[in-house]
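Participant: fold the following.
(chains A, B and C)
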Amino acid sequence: MLQITGVSRRFGDVTALADVSLEIRQGEFFALLGPSGCGKTTLLRILAGFESPDAGTVTLDGADLLGQAAHRRPVNLMFQSYALFPHMTVAKNVAYGLEREKLPKAEIRDRVGEVLEKVGLSAMAGRRPQQLSGGQRQRVALARAIVKRPRLLLLDEPLSALDKKVRAEMQLELKRLQHEVGITFVVVTHDQEEAMSLADRIAVFNAGRVEQVDEPVALYERPRTPFTAGFVGASNLFAGRACSAGLAADGLGVLPGASDLPDGTPALLAVRPERLRLGVGPGGASGGGPGGAGALRGEVADVSFYGGVSHVSVVVPGRAEPVLVATQGATQVRAGTRVVLSWAPGDGVLVPQ
Amino acid sequence: MRRSRLLYVPFYATYLFLYAPIAVLVVMSFNSGDSPYSFEGLSLKWYGELAGNAGIRDGLVNTLVVAAGSTVLSTVLGTLLAVGLARHSRSKVLDAIGVLPAVLPDLVLAIGLLVFYASVKMTLGLHSVLLAHTVFGMAFVAAVVRTRLTHCDTSLEEASRDLGANAVTTFFRITLPQLAPGITAGALLAFTLSVDEFVIAFFTAAPTEPTLPIVIYSMVRFGVTPEINALATLLLAVSFTVVIVAQRMTRLTESLS
Amino acid sequence: MTRSTVSGATAAPRSRRSRAPGRLAFLGPGLAYLIVLLLVPLALLLSYTVFRRGRFGGVVYEVTGENFTRLLDPLYLGVIASSLKLATIATVIALLVGYPTAYLIAQLPRKWKTVALVAIVLPFWTNFLVRIYAWIVLLSGPGLVNSTLEGLGLGPFEFLYNQGTIVTGLVYSYLPLMVLPLYAAIERLDPQLREASANLGARPARTFVSVTLPLTLPGVVTGCLFVFVPSFGNFIIPELLGGGRSIMVGNLVRDQFLKARDWPFGSTLALALLAVLVVLLLLQAWSARRA
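Facilitator: Numbers count the residues shown, from 1 in each chain, chains lettered A, B, ... in the order given. All right, here's what the predicted structure looks like:
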């Protein structure tokens, strides 16, 4: 188990990490998610030993990690740029870490062959990194890290340099490998889809702090901070004060939502675009719609079709930004159509502000 | 990552090694005593002696004449050559000829020119040094300007041609203004190299018209005099100023472009 | 071309027609200059190697092989060998001093990097003879080094006029030429490669040997050439710091032209010097292609 307690790091005036504590379980696939500059990469570099925190402790299975030099830690990192040694072949790159352990030559050869087979690159063993495609390079970087059988594998934006098709393949492959080798994986990413699809649990980072740690579904459906609600998945956010029916929104009336907040607490109501129902109807006052759910009225500004889904943006009087609605398949509404927006109270999540 | 403290030893040693002799020269140039070795007191005596030394004054004038002339010639020829090589030629042989003067040992170029001047029966003088310095000056200007050219957008020149301008008009109206910082840097380089150049001048100058480095050489050969300390300090001051000004200027042009 | 004849009256196709004259206008003057004042002189030198010396300098156009036979005289071969030795020692020392320096400069914060680099280059832009002269002042009998040592109860020593002084002078003069290409190579190196090596369990020394050094080798080779080439053909440093004896090829060449007035043999020596450098350059190109 990896235990991070009270880790802080400042660079001059910039706080990269502020009192971060996390517990990552053995064999877990854990993601650190956040925008660039949120401190997640600094934490990764602290775990790998390339940075030292100003305060805090990190233990791996109870043993202190920070006191060990980078090259002695049972932690391996897959670099975002892959950092493959350009003057060595694929096999030499993969063997490099094992040679440092002074293992017998025969064992090194066997383990390199085994891991290259596992990532499907046996045929490329004699090539140089420059002769490989992006996806292949990434597999080499992965093989080079897991062949050491680390107790903790760190992955820095593992899919960001790949094109869309290869990404999907690699995503599956990473999960399969993680199951097979049973190593704890910690992945750093700014891409919430990447984090959602890969990780068992996600820590959302913002400005050097952990906003929320949860499983992907919970994170998506029950964001607990405004930042998480905004960052994880597209959300429609309404500002106002909590009330018994949901949220008394500024200028829009009462909007339905599930709340355990005391009445009057300043809060945001988050509604996912795909939870919104789109009804075609004549104009009228907002609030109190069909099925008892609260509703908004407005006019369609734009419709874009993305194959399986359509995104409809609706301009609602009293609100500056358009409300985004995602509907299955093609939709009949067009720009200028007057529509009614509604949602079940359970789909409106109140987040204290 | 943490760096070994041990690495700093050669680092500081390098700078000490580079600057200690220079520092000694500068200090000794203000010596009031006659010995070039022991410091007796502050004085500008040797700068006065230097000012009265006709040999050095003539050498300086000769050097400036040669440097100015060869810089003008080098800049014109080198710029044209750079544009020609970069835009109008794909020949590796021509490229090689263009860089040859910069990589050839100065001694070989010097005796080659001496032999050449003798065989065409040209009398030696400032003109022979000027022509000789232009050989390498042009190569350095061409190299600097070419680097600048590779950073220039070729589509600007193509646009000019597309709008009906011929190669020459395009060169003067489009290429040249873009190259200006490179040409300035190249000219500065050619001038500095010419002022400092000794070996080629030594072989191609007339004994009656020595350049400043030749004058220094004969002074050094005939022994150490504190006058050289003063001269060295002045030369150092000029070089330092030129380099620092050039550094500032390139940073300025970089920040502007 | 066909288009320009068809619509010759319009302005647009003019650029196509002016292409060949443009080429000549740009390449012509510079190349002509280099042919007359570079290629012809080199060809002259080459041709002189097979002729006999004139009585008062110059050359008698009588083909002979004696210049090359004379080159094989142990006296001259010895001088070439000692030039190779001194230039090699100077190059190795410059590399050993220059590499850590360049390495540290590359790790400095951006602002200090520029300052450190300019400080490396500055002495190089000051007059060569002045820098050599500074060493004479430092090292001569009553010079600063000796008087300091005397204060410590040592010496005085004869520092000047030996091979060690020559090497010192060579290293001092050309060290900047070693540091710059090394710096460029180290700076280009992705720092993540070193981190990756540490991450895979390599100690810093191992990382240096297995990753940093092989990947900066082109810079090492360039730096070594930059120091070796001017060292090998030098005649001023051996003369001023080495005591004026003909210890390096450069001195021999100078003497053949300015003292013995034997131009054919001087040319032969100069071309032997050039040949050694060409062989080195070819070796470097060959090793670069193999890597």
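
Participant: and residue 181, what's its pLDDT?
Facilitator: In the absence of a named chain, this looks at chain A. On pLDDT, A:V181 comes in at 79.

Participant: oops, wrong one, chain C.
Facilitator: So C:P181 comes in at 88 (pLDDT).

Participant: excluding chain neighbours, what is closest to A:P35?
Facilitator: Leaving aside its sequence neighbours, A:P35 sits nearest to A:H190 (Cβ to Cβ, 6 or more residues apart in numbering or on different chains; 5.8 Å). C-betas here are computed from N, CA, C, even on glycine.

Participant: what's the longest helix in chain A?
Facilitator: Ranked by residue count, the top helix of chain A under DSSP state H comes out as helix A:164-181.

Participant: rewinding a little: and the residue nearest to A:P35, how far from chain C?
Facilitator: The gap separating A:H190 from chain C is 18 Å, by Cβ to the nearest Cβ, to the nearest Å.

Participant: go on, B:T184?
Facilitator: To chain C, B:T184 is 17 Å away according to Cβ to the nearest Cβ.

Participant: and after whichever helix in chain C runs longest, which helix or strand comes next?
Facilitator: Of all segments of type helix in chain C, defined using DSSP H, the longest is helix C:74-107. As assigned by DSSP states H and E, the chain's next helix or strand after helix C:74-107 is helix C:110-121.

Participant: who are the packing partners of that following helix?
Facilitator: Where contact means 3 or more Cβ pairs under 8 Å, 6 or more residues apart in numbering or on different chains; DSSP states H and E, helix C:110-121 is packed against helix B:8-29, helix B:226-256, helix C:74-107, helix C:163-188.

Participant: can you list contacts of it?
Facilitator: B:14-15, B:18, B:243-244, B:247, C:101, C:105-106, C:108, C:175-176, C:179-180, C:183 (Cβ atoms under 8 Å, 6 or more residues apart in numbering or on different chains).

Participant: okay, the angle between that helix and helix B:8-29?
Facilitator: With axes from the mean of the first three to the mean of the last three Cα atoms, to 10 degrees defining the directions, helix C:110-121 sits at 60 degrees from helix B:8-29.

Participant: for whichever helix or strand comes after helix C:110-121, list the C-alpha coordinates in PDB.
Facilitator: Following helix C:110-121 in sequence order, the next helix or strand is helix C:128-139 (DSSP H and E). The C-alpha coordinates for helix C:128-139 follow below in PDB (Å, rounded to 0.1, in the frame of the first residue of the first chain):
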ATOM      1  CA  PHE C 128      45.600  35.400 -29.300                       C
ATOM      2  CA  LEU C 129      49.200  36.800 -28.800                       C
ATOM      3  CA  VAL C 130      48.100  38.800 -25.800                       C
ATOM      4  CA  ARG C 131      46.800  35.700 -24.200                       C
ATOM      5  CA  ILE C 132      50.000  33.900 -24.900                       C
ATOM      6  CA  TYR C 133      52.000  36.800 -23.600                       C
ATOM      7  CA  ALA C 134      50.000  36.700 -20.300                       C
ATOM      8  CA  TRP C 135      51.400  33.200 -19.700                       C
ATOM      9  CA  ILE C 136      54.900  34.400 -20.300                       C
ATOM     10  CA  VAL C 137      54.400  37.000 -17.600                       C
ATOM     11  CA  LEU C 138      52.900  34.500 -15.300                       C
ATOM     12  CA  LEU C 139      55.300  31.700 -15.700                       C
END
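
Participant: around chain C, pick out the residues from the stretch 151-257 of chain B.
Facilitator: B:161-162, B:164-168, B:170-171, B:192, B:196, B:198-199, B:203, B:213, B:216-217, B:220-221, B:224, B:228-229, B:231-232, B:235-236, B:239-240, B:242-244, B:247 (Cβ under 8 Å from any Cβ of the partner chain).

Participant: helices along the stretch 151-300 of chain A, start to end?
Facilitator: Using DSSP state H, counting those that start in this stretch, the helices of the stretch 151-300 of chain A run over A:164-181, A:192-198, A:216-221, A:226-231.

Participant: just send those helices back as a markdown table, with mean neighbour count and distance to B:V135 too.
Facilitator: A markdown table is the format used below for those (neighbours: other Cβ atoms under 10 Å in any protein chain shown; distance: least, Cβ to Cβ, whole Å):
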| stretch | mean neighbour count | distance to B:V135 |
| --- | --- | --- |
| helix A:164-181 | 15 | 55 |
| helix A:192-198 | 20 | 61 |
| helix A:216-221 | 18 | 71 |
| helix A:226-231 | 21 | 65 |
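
Participant: out of the ones you listed, which is closest to C:V40?
Facilitator: Closest of the helices of the stretch 151-300 of chain A to C:V40 is helix A:164-181, at 59.9 Å (criterion: Cβ to Cβ).

Participant: the helix or strand harbouring A:R9 pairs with which strands?
Facilitator: Assigned by DSSP H and E, A:R9 belongs to strand A:2-11. Paired with strand A:2-11 in the same sheet, following DSSP bridges, are strand A:14-24 (antiparallel), strand A:55-60 (antiparallel).

Participant: mean pLDDT for these - can I get that in a markdown table?
Facilitator: Formatted as a markdown table, the strands paired with strand A:2-11 follow (pLDDT from 0 to 100):
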| stretch | mean pLDDT |
| --- | --- |
| strand A:14-24 | 90 |
| strand A:55-60 | 90 |
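
Participant: re the thing from before, and the helices of the stretch 151-300 of chain A as CSV, adding distance to C:A116?
Facilitator: Output for those, formatted as CSV (distance: least, Cβ to Cβ, whole Å):
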stretch, distance to C:A116
helix A:164-181, 42
helix A:192-198, 41
helix A:216-221, 48
helix A:226-231, 42
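
Participant: CSV please, covering those and showing distance to chain B.
Facilitator: As requested, the helices of the stretch 151-300 of chain A are exported to CSV (distance: least, Cβ to the nearest Cβ, whole Å):
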stretch, distance to chain B
helix A:164-181, 28
helix A:192-198, 28
helix A:216-221, 35
helix A:226-231, 32
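
Participant: which of the ones you listed has the lowest mean pLDDT?
Facilitator: Among the helices of the stretch 151-300 of chain A, helix A:164-181 has the lowest mean pLDDT, at a mean of 81.

Participant: residues in contact with that helix: which ones?
Facilitator: Here helix A:164-181 has contacts from A:29, A:118-119, A:134-135, A:138-139, A:142, A:146, A:149, A:155, A:158-159, A:162, A:185, A:194, A:197-198, using Cβ under 8 Å, 6+ apart.

Participant: which among those count as buried?
Facilitator: A:29, A:118-119, A:135, A:138-139, A:142, A:146, A:149, A:155, A:158-159, A:162, A:185, A:194, A:197-198 (16 or more other Cβ atoms under 10 Å in any protein chain shown).

Participant: strands - which of these land there?
Facilitator: Here DSSP state E is the test, and the buried ones among the contacts of helix A:164-181 give A:F29, A:L155, A:F185 as lying in strands.

Participant: now do the residue nearest to A:P35 against chain B, distance only.
Facilitator: As judged by Cβ to the nearest Cβ, A:H190 and chain B stand 25 Å apart.

Participant: next, that residue: phi, psi?
Facilitator: phi -100, psi 0 (degrees, to the nearest 10).

Participant: per-residue pLDDT, it?
Facilitator: Looking at A:H190, its pLDDT is 89.

Participant: pull up the residues of the stretch 51-200 of chain C that are close to chain A.
Facilitator: Checking the stretch 51-200 of chain C against chain A by Cβ under 8 Å from any Cβ, the hits are C:D190, C:Q192, C:L193, C:E195, C:A196, C:S197, C:A198, C:N199, C:L200.

Participant: at 6 Å instead, please
Facilitator: Contact residues, the stretch 51-200 of chain C versus chain A (Cβ under 6 Å from any Cβ of the partner chain): C:Q192, C:L193, C:E195, C:A196, C:A198, C:N199, C:L200.

Participant: tell me the one of the residues you listed nearest A:R72?
Facilitator: Of all these, the one sitting nearest A:R72 is C:A198; the distance, using Cβ to Cβ, is 9.4 Å.
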